[in-house]
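Trainee: Here is a sequence with its predicted model. Questions after.
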Amino acid sequence: MRTSYKKLLLLCYLALCSNVIAQEKKHPAAIPPDGFQFSGLWNCEGALGNGKIHKSAFQGSLILDGKWLELSEQDLEPATGYVAKYLIGYDSQQERLVEFDANNFGAAAYTSAEGWTNRVLTMTSPISDGANAPYSADRFLYSLTDPNTFIVDWQISQDRGTSWKPGDHLVCKRRAGA
């Protein structure tokens, strides 16, 4: 009887350990865990960091077997001609989410080790020590407010990411019928 009890205890312990290991191996996903769908067309309105009106159109889709999020943006106001493609997915080498921002004015990369937390995904740039850099770091916050609305906030830091100042702010609503 005692041997059976010890075997049962050992099996429970091994099951618990394997469950902990499985949980530790989970990595952040680009897709929100609560079923929010970025796929479709979005009308976005808000303000630039200087307070001027900012309007853009977004298109979202899942790519690469549904593991990566692709967002395309085209600014409508101001009419600067800004277009961008953002790709967000998990990089197993860095063990974090990465965002590639390719646009007609340049490019940037952002990362997040945490992934989605309380319906917010924060993607942060590397720290820059360049003397000519307008800020030392920047980040994008993607916030989900309801099934048909998400918010994109761009923030900058002058002090290596210890405090953040608001920049651009967009509220994106799913287009009717899209």
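Mentor: Nice, thanks for sending it over.

Trainee: Grab the nearest non-local neighbour of the residue nearest to the spatial centre of the chain.
Mentor: With distances taken as Cα atoms, centre = their mean, the residue of the chain nearest its centroid is Leu121 (4.1 Å). Leaving aside its chain neighbours, Leu121 sits nearest to Tyr142 (4.4 Å; criterion: Cβ to Cβ, 6 or more residues apart in numbering). To be clear about C-beta, it is placed using only N, CA and C from the backbone, and glycine gets the same treatment.

Trainee: Measure how buried the one you found is and give me the count.
Mentor: Tyr142 has 24 neighbours, counted by other Cβ atoms under 10 Å.

Trainee: in which helix or strand would I find it?
Mentor: Per DSSP states H and E: Tyr142 is located in strand 137-146.

Trainee: Quick check: end-to-end length of stretch 155-162?
Mentor: 12 Å (Cα to Cα, to the nearest Å).

Trainee: Now it: average pLDDT?
Mentor: Stretch 155-162 comes out with an average pLDDT of 78.

Trainee: How far away from the center of its chain is it?
Mentor: Between the centre of stretch 155-162 and the centre of its host chain there is 18 Å, according to Cα atoms, centre = their mean, to the nearest Å.

Trainee: List the contacts of Ile63.
Mentor: By Cβ atoms under 8 Å, 6 or more residues apart in numbering, Ile63 lies in contact with 69-70, 87.

Trainee: measure Ile151 to Leu64 for me?
Mentor: Distance of Ile151 to Leu64, given as Cβ to Cβ, to the nearest Å: 25 Å.

Trainee: How about His169?
Mentor: Taken as Cβ to Cβ, the span from His169 to Leu64 is 29 Å.

Trainee: Which ones among the contacts of Ile63 lie within strands?
Mentor: Judged by DSSP state E, these include 69-70, 87 as members of strands.

Trainee: Just give me the closest of these to Leu41.
Mentor: Glu70 (13.2 Å; Cβ to Cβ).

Trainee: Look up which residues are beta-bridged to the closest one.
Mentor: Counting by DSSP bridges, Glu70 forms beta bridges with Ser61, Leu87.

Trainee: Check whether it really touches Gly89, as I assumed.
Mentor: No. Assessed by Cβ atoms under 8 Å, Glu70 is found out of contact with Gly89, at 9.2 Å.

Trainee: circling back: who's more crowded, Ile151 and Leu64?
Mentor: Neighbour totals were compared for Ile151 and Leu64, and Ile151 leads with 16 against 11 (other Cβ under 10 Å).
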